[in-house]
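> below are the sequence and a predicted model for it; my questions follow.
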Amino acid sequence: MDSTEKESVTNLYYETPPSREEAEAIQKELQKRVITQNGFKEIKRVAGIDLAPIQGEERLVCGIIVFSFPELEELERVSARVDEQFPYIPGLLAFREGPAIIEAFKKVKYKPDLIMVDGQGIAHPRGLGIASHVGVILDIPSIGVAKERLYGKYNEPLDSEGSWTPLINPYKGNTIGAVVRTKKGTKPVFVSIGHKIDLRTAVRIARECTKGYRIPEPTRKADIFVAHLKTVKY
DNA sequence: GCGACAG
DNA sequence: ATCTTGTCGC
């Protein structure tokens, strides 16, 4: 690939949106940079990230809230609105939402030690879900916490808080994530390594961030934040 | 060819 | 994600 293409690999912005093939090629390159071991000493701040489309505006709004950890007291919240440049295609979510995340992250003053993204980490067909993609580009530890499965097979975890089962790559048979029951009586969430963290730690952090709701506080609060932002004109 | 398919 | 009212369950 030439220098322009090489540049596009480390950048989520593009003059012309990449084709599906180009996007998948970029994912295969970035996947090689994912680190599946803890790349931090201590986690003192965790950020939750979420997005939502602004109906009728062809734009997306991204909200990021930074919390102290493990206290989970809010330290800061920022947001950014960007034009839609890519459609939603299963497996290529980062090309749609990534630019808004990068833009909003630039405004964060209290840089987090870990970011929690609403979506998959390595539990993805090419091992690079949005949480991993953004983690690698920002070079910051990350974990993916998705509400639905994208890839992998699993057995339903028992209906008790904290129960979890492994999410397995159907071809290789290795574990790519965890199906975690964060709240009894509700559907489980899909936790996977984003970047610079191992699975057991990712599951532990997700659980420590859970406060009585199915969704961990960082992404849950970020979701409420963007739902509000959508209704405000700017 | 037939399903599956994050947000 | 979004379109959408009432409704089942704690």
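Nice, I can see it.

> bridged to the most centrally placed residue in chain A, which residues?
Per CA atoms, centre = their mean, the C-alpha nearest to the average position across chain A is that of A:Val117, at 2.6 Å. Counting by DSSP bridges, A:Val117 is bridged to A:Ile49, A:Gly144.

> one more: A:Arg77?
In this entry, A:Arg77 is beta-bridged to A:Ile65, by DSSP bridges.

> look up how far A:Ile64 lies from it.
Using CB to CB, to the nearest Å, one gets 7 Å for the distance from A:Arg77 to A:Ile64. Every C-beta, even on glycine, is put in place using the N, C-alpha and C of the backbone.

> how about A:Ala100?
Between A:Ala100 and A:Ile64 the distance, using CB to CB, works out to 10 Å.

> try A:Val108
Following CB to CB, the distance that separates A:Val108 from A:Ile64 is 6 Å.

> same question, A:Ile193
According to CB to CB, A:Ile193 stands 20 Å off from A:Ile64.

> repeat that for A:Ile215.
16 Å.

> next one, pLDDT for the closest residue to DNA strand C within chain A please.
Nearest residue of chain A to DNA strand C, counting by CB to the nearest atom of the strand: A:Ala52, 4.8 Å away. The predicted structure scores A:Ala52 at 97 on the pLDDT scale.

> ok, now which ones touch it?
Each residue near A:Ala52 by CB atoms under 8 Å, 6 or more residues apart in numbering is listed here: A:60-61, A:226-227, A:229-230.

> just the buried ones from those residues, in PyMOL syntax?
Selecting only the buried entries of the contacts of A:Ala52 in PyMOL, with 16 or more other CB atoms under 10 Å as the criterion:
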select buried, chain A and resi 60+61+226+229+230
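
> tell me which two of the contacts of A:Ala52 sit farthest apart.
Spanning the widest gap among the contacts of A:Ala52 are A:Leu60 and A:Ala227, at 13.3 Å by CB to CB.

> next, the buried residues of stretch A:177-191.
Neighbour counts using 16+ other CB under 10 Å place A:177-183, A:188-191 of stretch A:177-191 among the buried residues.

> which residues of chain A lie near DNA strand C?
On the criterion CB under 7 Å from any atom of the strand, DNA strand C has as its neighbours in chain A the residues A:52-53, A:55, A:118, A:147, A:185, A:230.
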